[in-house]
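Visitor: okay, predicted coordinates and the sequence, questions at the end:
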Amino acid sequence: MEGQQILAYDYPLLGAFWTVMWIFLWVMWFLLLFRVITDVFRDDSLNGWTKAGWLIFVLIVPFLGVLVYVIVRGKKMGTREIRHAQERQAAMDDYIRRTAGGDGGGSATELAKLSELKAKGDITEAEFQRAKEKILH
C-alpha cells in the first residue's frame, strides 16, 4: 500500500462542522421546497394556471422561486396548514362517529332498550324480532 492513508482524526473539526452544516442546510432547503410545492397544490384559492405558474417558477429557478413564494404568499401558509389539519381532524372525527355509531352507543344501546321493553312486557316476541332485524340491517 503505497500512498497516504487518510484517517478520521486527520479530518479537522472545523471541516466536520462545515460538512454537517451544509448537509443540514440542504435538508432544510428540500423541506422548504416540498412545503412550498405542497402549499401550492393544497391552496383552493389558486386556479390551475396560477398553480402551474408557481410550480414552473419554483422548479425552474428554485432558490428565487421559493424566496418569492414565501415573500408573496408565506403569510397565509400557516393559516392554510392549520385549516387543512382541522379538516383532517373533522374527517377523522366524522369517521369515528360513523364507525362507532355516533348516536350514543349505536345498535347495542337500541338492542338493550328493546330487550328491556320485551322484559317489561311492553312489546311481544314478534315485535322484538322485527325491531331487532331493523336495527341489525
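Guide: Cool, the structure landed.
Visitor: where are the low-confidence patches of the chain?
Guide: Regions of the chain meeting the criterion pLDDT under 70 cover residues 1-3, 5-10, 101-106.
Visitor: next, count neighbours for K76.
Guide: 13 (other CB atoms under 10 Å). (C-beta placed from N, C-alpha, C; glycine too.)
Visitor: can I see the domain layout of the chain?
Guide: Domain ranges of the chain: 1-74, 104-137, per automatic domain parsing.
Visitor: as CSV, the ones you listed with mean neighbour count and distance to A91 would be great.
Guide: Shown next, in CSV, are the domains of the chain (neighbours: other CB atoms under 10 Å; distance: least, CB to CB, whole Å):
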stretch, mean neighbour count, distance to A91
domain 1-74, 12, 15
domain 104-137, 12, 20
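Visitor: show me where this structure has its helices.
Guide: 13-42, 48-60, 62-73, 77-100, 107-120, 125-136 (DSSP state H).
Visitor: quick check: angle from the last one to helix 107-120?
Guide: Computed by axes from the mean of the first three to the mean of the last three CA atoms, to 10 degrees, the angle separating helix 125-136 from helix 107-120 equals 170 degrees.
Visitor: quick one: helix 125-136 to chain centroid distance?
Guide: 42 Å (CA atoms, centre = their mean, to the nearest Å).
Visitor: if we can go back for a sec, in a markdown table: the domains of the chain, plus distance to A85.
Guide: What follows is the domains of the chain, written out as a markdown table (distance: least, CB to CB, whole Å):
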| stretch | distance to A85 |
| --- | --- |
| domain 1-74 | 11 |
| domain 104-137 | 27 |
